[in-house]
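In: Show me the folded form of this:
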Amino acid sequence: MIVKTFGSAIQGVNAITITIEVNVSSQGNKLFIVGLPDNAVKESEQRIESTIQCMGLRMPRTRTVVNMAPADIRKAGAAYDLPIAAGIMAASGQLPAEQLDRFLMMGELSLDGTIQPIKGALPMAIQAQQDGFQGCILPRQNAREAAMVRGLQIYGVSHIAEAIQLLTTPGSLAPVLPEQDDFYRSQDIFDVDFSDVKGQQSIKRALEIAAAGGHNAILIGPPGAGKTMLAKRLPTILPPLTLQEALETTKIHSVAGKLPAHTGLIIHRPFRSPHHTISDAALVGGGSIPQPGEISLAHNGVLFLDELPEFKRKVLEVMRQPVEERRVTISRARTAIDFPASFILIASMNPCPCGYFNHPEKECSCASGQVQDYLNKVSGPLLDRIDLHVEVTPVKFADLSSTHRAEKSTYIRDRVIAARAIQAARFAAYEGVYCNAQMHSSLLSEVCVISEQCREQLGRAMQQLKLSARAYDRILKVSRTIADLEGSNSVTSAHMAEAIQFRSLDREGWGN
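Out: Model prediction:
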């Protein structure tokens, strides 16, 4: 008897439905699993046999063939245990097969039949909905995540007996209800706030501009000046995630196995801060079975690289293309997979090895030329993709000891949301452009039309401050964002002057 069950395979951040055909014949005495399974799938025989015996049922002792189609897609992991086990029991007449085509099933089995959590439940549920399945049977730990897909019944089970009960007696289990109301209710709750930061008004202003226009920024200053503290608070002033953005972000974290337990959706924009010893594959993604890296886990959020010059140069260089294109392509012999990587890059660094170059009170102990050598660890092409160069100075004692409460993130966030709304209306006709930082050169010349006075001002700045040619586009984009924050239709000389000051590392002689 041939029976079909349905599972799912993950490719990149999307899922592909897998048809699992089981044929139990009257001859032979061996189980065959075909269709390009990996070792974890092949080892399912032992787990399934133990589970069936614990249920008081029997494992077929005749020839059993399990075919996983399409056969040209590699099936990896132990999550296929549940659909294979259900198929074997139905093909051997121990489970009714009428309900099997209604559900997509995935789950790893323990020897006693307990179902373990899996990766990628959300993209599996999205694909199941698109393929017309009535529902999904998934581990209980993954049910809330998958239940965010509207129009699909999600059943969370902790033991295979519950799955069998649902297939035998439809309606015996209640589907998990989506919790999208909690998503909207919790978006404004953060553990940190910009009001916690004493002083540093100019740095807060720079991060507000970065948030409003989606600009990358680098913070340069001595240790203890508050660079990390400020960077960690950037997500609190970014616009709230839309439901579509939350689904995109959750899919990536689900595939990578980074989704917190019993979490339905990612509520806040991600903030990823990898250690400087990270490899290039861990940062941009890779592996024999390509997995998303830190830049994809930061999609729709912030990637913070602390102590930028301490990262290996090779690691930083592989970020060039993803930062520009906002996606990364991992190519292998059989396939090429795209991972989204639209994030705001925030980097921090000391101005020199000792950390006290240009410090108002402490003297730099670095030898001649050592400062420039330290800065040269970060390549020009990478700095070319960073719009804001922000010099961070130590906090004064008067600011530290002040009892005055600084401006809360909520008020800054409101200004950022208003500026983003202006940009959304401006770029409504341009696919893939949502904020000023994403403008390409031809669009820049159309959107950032400046007066003759601003043109002369920018020309003088480039000549007197020895700014590089690559600074030109960045200054225009930042000045446009500053104008949006003020609700101005045109870029004025004041907007231009503020944008020019954020090109510290382009100045000839900086660090000499």
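
In: Can you tell me the strand partners of whichever strand or helix holds V65 and which way each runs?
Out: In this assignment (DSSP states H and E), V65 forms part of strand 64-69. When pairing is defined by DSSP bridges, strand 64-69 lines up against strand 14-24 (antiparallel), strand 31-34 (parallel).

In: Which helix or strand in this structure has the lowest average pLDDT?
Out: Every helix and strand in the chain was compared by mean pLDDT, DSSP states H and E; the lowest is helix 180-185, with a mean of 66.

In: G199 versus the closest residue to F194 other than its chain neighbours, what's the distance?
Out: Nearest residue to F194, sequence neighbours excluded (C-beta to C-beta, 6 or more residues apart in numbering): S409, at 4.5 Å. To be clear about C-beta, it is placed using only N, CA and C from the backbone, and glycine gets the same treatment. When distance is defined by C-beta to C-beta, to the nearest Å, S409 is 16 Å away from G199.

In: now swap in L316 and tell me
Out: L316 is 30 Å from G199, by C-beta to C-beta.

In: Give me the spatial nearest neighbour of S172, chain neighbours excluded.
Out: Q165 (5.2 Å).

In: tell me which element the one you found is part of?
Out: helix 160-168.

In: From S441, how far out is the residue nearest to F194?
Out: 34 Å.

In: Show me which of the two is the more surrounded one.
Out: Between S409 and S441, counting by other C-beta atoms under 10 Å, S409 is the more crowded of the two (24 against 8).

In: residues of the helix or strand that the least confident helix or strand of the chain is followed by that come out buried?
Out: Proceeding N to C from helix 180-185, the next assigned helix or strand is helix 201-213, under DSSP H and E. By 16 or more other C-beta atoms under 10 Å, the buried positions in helix 201-213 come out as 203-213.

In: quick one: which of those residues is nearest to T51?
Out: A211 (50.8 Å; C-beta to C-beta).

In: For that closest one, give me its contacts.
Out: 234, 237-238, 344, 412, 416 (C-beta atoms under 8 Å, 6 or more residues apart in numbering).

In: Confirm that A347 sits in a strand.
Out: Yes: assigned with DSSP: H, G, I helix; E, B strand; the rest coil, A347 falls within a strand.

In: wait, it sits on I218?
Out: Yes: A347 lies in contact with I218 (C-beta atoms under 8 Å); the separation is 4.4 Å.

In: okay, and the common contacts of the two?
Out: Common neighbours of A347 and I218, using C-beta under 8 Å, 6+ apart, are 308, 386.

In: Got the phi and psi for N216?
Out: phi -80, psi 150 (degrees, to the nearest 10).

In: for I412, same thing?
Out: Given degrees, to the nearest 10, the pair of backbone angles that I412 has is phi -70, psi -40.

In: and if you look at the one 10 residues further on?
Out: When read as degrees, to the nearest 10, the backbone of I422 gives phi -60, psi -40.

In: Surely it is in contact with L485?
Out: No: with contact defined as C-beta under 8 Å, I422 does not count as touching L485 (9.1 Å).

In: residues touching H359, list them.
Out: Contacts of H359 by C-beta under 8 Å, 6+ apart are 222, 394.

In: Can you tell me the element it falls in?
Out: Using DSSP H and E, H359 falls outside every helix and strand.

In: what's the answer for D338, then?
Out: Per DSSP H and E, D338 falls inside strand 336-340.

In: For that strand, which strands pair with it and how are they oriented?
Out: Sheet partners by DSSP bridges: for strand 336-340, these are strand 327-331 (antiparallel).

In: buried sites along the strand it pairs with?
Out: Buried-residue list, strand 327-331, by 16+ other C-beta under 10 Å: 328, 330.

In: Quick one: mean pLDDT over that strand.
Out: The pLDDT scores in strand 327-331 average 89.

In: Output that strand as PDB - backbone C-alpha positions only.
Out: In PDB, the C-alpha atoms belonging to strand 327-331 read as follows (Å, rounded to 0.1, in the frame of the first residue of the first chain):
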ATOM      1  CA  ARG A 327      21.500  41.200   0.200                       C
ATOM      2  CA  VAL A 328      24.100  38.500   0.100                       C
ATOM      3  CA  THR A 329      24.400  35.600  -2.400                       C
ATOM      4  CA  ILE A 330      25.900  32.300  -1.100                       C
ATOM      5  CA  SER A 331      27.000  30.200  -4.100                       C
END
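
In: which other residues reach it?
Out: Identification of contacts with strand 327-331 by C-beta under 8 Å, 6+ apart yields 284-286, 290, 293, 295-296, 321-322, 336-342.

In: Touching, T228 and A347? I think so.
Out: No: T228 is beyond contact range of A347, at 11.2 Å (criterion: C-beta under 8 Å).

In: Looking only at neighbour counts, state which of the two leads.
Out: Neighbours per residue, other C-beta under 10 Å: of T228 and A347, the larger number sits with A347, 25 against 17.

In: Contacts only, for the more buried one.
Out: By C-beta under 8 Å, 6+ apart, the neighbours of A347 are 216-219, 304-306, 308, 386.

In: Most neighbours of all those residues, which one?
Out: L305 (27 neighbours).

In: Next, the buried residues of the strand holding D338.
Out: By neighbour count on 16+ other C-beta under 10 Å, the buried set for strand 336-340 is 337, 339-340.

In: Quick test: name the residue nearest the centre of the protein.
Out: Central residue of the chain (C-alpha atoms, centre = their mean): L297, 2.8 Å from the mean position.

In: Now that one: closest residue in space that isn't a chain neighbour?
Out: R272 (5.3 Å).

In: how many neighbours does that neighbour have?
Out: For R272, the neighbour count with other C-beta under 10 Å is 19.

In: Give me the below-cutoff pLDDT ranges for the stretch 101-250 of the chain.
Out: 179-184 (pLDDT under 70).

In: The same query, at a cut-off of 50, please.
Out: By pLDDT under 50, the stretch 101-250 of the chain has no low-scoring segment.

In: which other helices and strands contact the strand or helix carrying E498?
Out: According to DSSP H and E, E498 maps onto helix 493-500. If you count contacts as 3 or more C-beta pairs under 8 Å, 6 or more residues apart in numbering; DSSP states H and E, helix 493-500 packs onto helix 452-464, helix 471-485.

In: quick check: angle from the shortest one to helix 471-485?
Out: Same thing as helix 452-464. Angle between the axes of helix 452-464 and helix 471-485 is 140 degrees (criterion: axes from the mean of the first three to the mean of the last three C-alpha atoms, to 10 degrees).

In: Summarise which helices and strands helix 452-464 is packed against.
Out: Using 3+ C-beta pairs under 8 Å, 6+ apart, the elements in contact with helix 452-464 are helix 471-485, helix 493-500.

In: What residues sit buried inside the first one?
Out: Of all the residues in helix 471-485, those buried under the rule 16+ other C-beta under 10 Å are 471, 473-485.

In: next one: stretch 376-388
Out: 378, 382-388.

In: Also stretch 135-144?
Out: Quick answer for stretch 135-144 (16+ other C-beta under 10 Å): 135-144.

In: gap between the two ends of it?
Out: Terminal residues of stretch 135-144 are spaced 14 Å apart (C-alpha to C-alpha, to the nearest Å).
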